[in-house]
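> Provided below are the primary sequence and the corresponding predicted coordinates.
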Amino acid sequence: KYCPGLGLVHKAFLKNDTFLCACHGQETNHVPVWCMRQAGRYLPEFREFRAGKDFFETCRSPAACCELTLQPLRRFPFDAAIIFSDILVIPQAMGMDVQMVAGKGPTFPEPLKEPEDLLLLQPKVDVNKELGYVFKAITLTRHKLDGKVPLIGFTGAPWTLMAYMIEGGGSTTHSKAKRWLYRHPEASHKLLKMLTDVIVEYLLGQVAAGAQALQVFESHAGCLGPVEFQEFSLPYLRDIARKVKDQLKESGQDVPMIVFAKDGHYGLEDLSQSHYEVVGLDWTIDPRSARERTGGKVSLQGNMDPCALYAPKERISEIVKKMLEGFGTRGYIANLGHGLYPDMDPENVGAFVEAVHTHSRHLNLK
Ligand SMILES: Cc1c2[nH]c(c1CCC(=O)O)Cc1[nH]c(c(CCC(=O)O)c1C)Cc1[nH]c(c(CCC(=O)O)c1C)Cc1[nH]c(c(C)c1CCC(=O)O)C2
C-alpha cells in the first residue's frame, strides 16, 4: 500500500502506518484509534510510576516521559502514541511558574493580571534551551517505539495558553481571561502573537526530534463565541499550521497536523479550511453533520463521549459501531471527544479499541 505524502524513510521503518494514512485521507484496512490522555491515572502502572514524583519534574525527565508514553501501548493495540508532556511547559519556558497541585490541577502562583505584566515574560524564547527536554523525550521514545506506531507531538493553542496564564489555573467562566479580550484587545493580540511565535518553534523542534504528527489543543475554544473565536483563536491556529508547514516544506518534510478546538462547533467550517489535515471533534457534534459541514476537505478525529466508557462492553461496542457508520471508515481516526478520566476501567478502554478495529474491518469488507 502506497501513501502519498509520506517520506520513504518514515514508511520503511513504520510497521503500522494506518494513523498517518488516515490523516492523509488514504484507505486503510482498519480505522486507526488512539485516546487523548491515553497515558494517565486510569492505569495502575501510571499511578505507581508517578507516585511521590512532582508532575513537572516528571515532564522534564526524558526517560520518565518515554516510559509513560509506552505504558498504554503495552496494554492496548493503539495505532498511535502521544508523547507524555503537558501544554503548560510553554508558559514555563516564557518565565512563568506553574505547579501541579494534587486535587486542584495546574496552578500559577503569579498569573498575568494587567497588560504591563507582559513585560515580565521572556520576549524571545530559545526553545532548544528551555524545552530541549521535550525534544530529548521525543527522540528517545521514537527509538524505543522502533517503528511500532507513529509518535504524535503536541502543543496548547495560543488562546488556551493565554487563558491559563491569566486565570492562573482551571476555571469555569474564564472571566479573567475574557476580560482581557474585551478590555485589552491590543494586549491580548500581543500575547497571542508571542505565544504563536514560541509554539511554531516548539512544533518544528518536535518534528526535528522525531514527532510524526502534531496536535494543537484549543481546549478552551468553548468559552469563546463565534465572534471572539474568529478574532482571538482562528487566526493564530491558521498561522501556526501555515508557518510550520512552510518551514517543513523547505526541508521536504510533510507532517500531518490535527486541530482540536473543544466545544468549538461553531467554527467547524473554518477549522476545516485552516491548513490542518485533521479536525478533532468533541462529542457534542454528530458524525454525519460533521462530515457534511467539512465537505470531505479534511480527515476527522473523535468523538465518543469519554463517559460512554462507563457503559458495559457490549454497549460500548454498539456505540462505536454507530460512530463508525456515521463518520465512514475513510479519512477517519477514532478517538474520544476528550481525555480519559482517572476512574475509568482500563478493560473498557481495551473494549473501545477492539470495537473500533473489529467493526471497521467488517464495514470495509461490505
Ligand atoms: C488543558 C490541558 C492540560 N494539559 C493538556 C491539556 C490539553 C488537553 C485537554 O484539553 O485536556 C495536554 C496533555 N496533558 C497530558 C498529555 C499527555 C499525553 C496523553 O496521553 O494524551 C496531554 C496531551 C498529560 C497529563 N497532564 C496532567 C495529567 C494528570 C496528572 C498526573 O499525572 O499527575 C496527565 C496524565 C495534568 C493536567 N494538565 C492540565 C490539566 C487540566 C491537568 C489535570 C489536572 C488534574 O486532573 O489534576 C493542562
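Right, received. Where do you want to start?
> once you drop chain neighbours, what's closest to residue 199?
Spatial nearest neighbour of residue 199, excluding adjacent residues (C-beta to C-beta, 6 or more residues apart in numbering): residue 155 at 5.1 Å. Bear in mind the C-beta positions are built from the backbone N, C-alpha and C, glycine included.
> for the host helix or strand of that neighbour, the averaged confidence score.
Assigned by DSSP states H and E, residue 155 falls within strand 151-156. Strand 151-156 shows a mean pLDDT of 98.
> my read: the residue nearest to residue 199 touches residue 87, true?
Yes: taking contacts as C-beta atoms under 8 Å, residue 155 lies within contact range of residue 87: 6.5 Å.
> hmm, residue 181 is touching residue 188, no?
Yes: shown here, residue 181 and residue 188 form a contact pair, counting by C-beta under 8 Å, at 5.3 Å.
> of these two, who's got more company?
residue 188 (25 against 21; other C-beta atoms under 10 Å).
> residue contacts, the residue of the chain found nearest the ligand?
Going by C-beta to the nearest ligand atom, the ligand is nearest to residue 219 of the chain, at 3.1 Å. Taking C-beta atoms under 8 Å, 6 or more residues apart in numbering, we find residue 219 in contact with 87, 156, 157, 160, 260, 262.
> dump the residues you listed to a markdown table, plus neighbour count and distance to the ligand.
Formatted as a markdown table, the contacts of residue 219 follow (neighbours: other C-beta atoms under 10 Å; distance: C-beta to the nearest ligand atom, whole Å):
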| residue | neighbour count | distance to the ligand |
| --- | --- | --- |
| 87 | 18 | 4 |
| 156 | 24 | 6 |
| 157 | 27 | 9 |
| 160 | 25 | 7 |
| 260 | 27 | 8 |
| 262 | 22 | 6 |
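> burial of the residue lying closest to residue 60 once chain neighbours are set aside, as a residue count?
Nearest-residue entry for residue 60: residue 133, 4.8 Å, with adjacent residues in sequence omitted and distances by C-beta to C-beta, 6+ apart. Residues near residue 133, counting by other C-beta under 10 Å, number 15.
> dump the contacts of residue 219 to a markdown table, plus distance to residue 312.
Compiled in a markdown table, the contacts of residue 219 are given as follows (distance: C-beta to C-beta, whole Å):
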| residue | distance to residue 312 |
| --- | --- |
| 87 | 33 |
| 156 | 35 |
| 157 | 36 |
| 160 | 34 |
| 260 | 28 |
| 262 | 27 |
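> which parts of the stretch 151-300 of the chain sit against the ligand?
154, 170, 217, 219, 262 (C-beta under 6 Å from any ligand atom).
> report the distance from the helix or strand hosting the third one to the chain centre.
What it means is residue 217. According to DSSP H and E, residue 217 maps onto strand 213-218. Between the centre of strand 213-218 and the centre of its chain there are 4 Å (C-alpha atoms, centre = their mean, to the nearest Å).
> what residues does that strand touch?
19-20, 23, 80, 82, 87, 150-157, 159-160, 199, 203, 206-207, 233, 237, 240-241, 244, 255-262, 264, 276, 280.
> ditto for stretch 358-366
The contact list for stretch 358-366 (C-beta under 8 Å, 6+ apart) reads 29, 30, 31, 317, 320, 321, 324, 325, 329, 334.
> can you count the residues close to the third one?
Applying the criterion other C-beta under 10 Å, we find 27 residues in the vicinity of residue 31.
> in which helix or strand does the nearest residue to it once chain neighbours are set aside reside?
Distance criterion C-beta to C-beta, 6+ apart; nearest residue to residue 31, sequence neighbours excluded, is residue 360 at 3.7 Å. Applying DSSP H and E as the criterion places residue 360 in helix 346-365.
> thanks a lot, see you next time.
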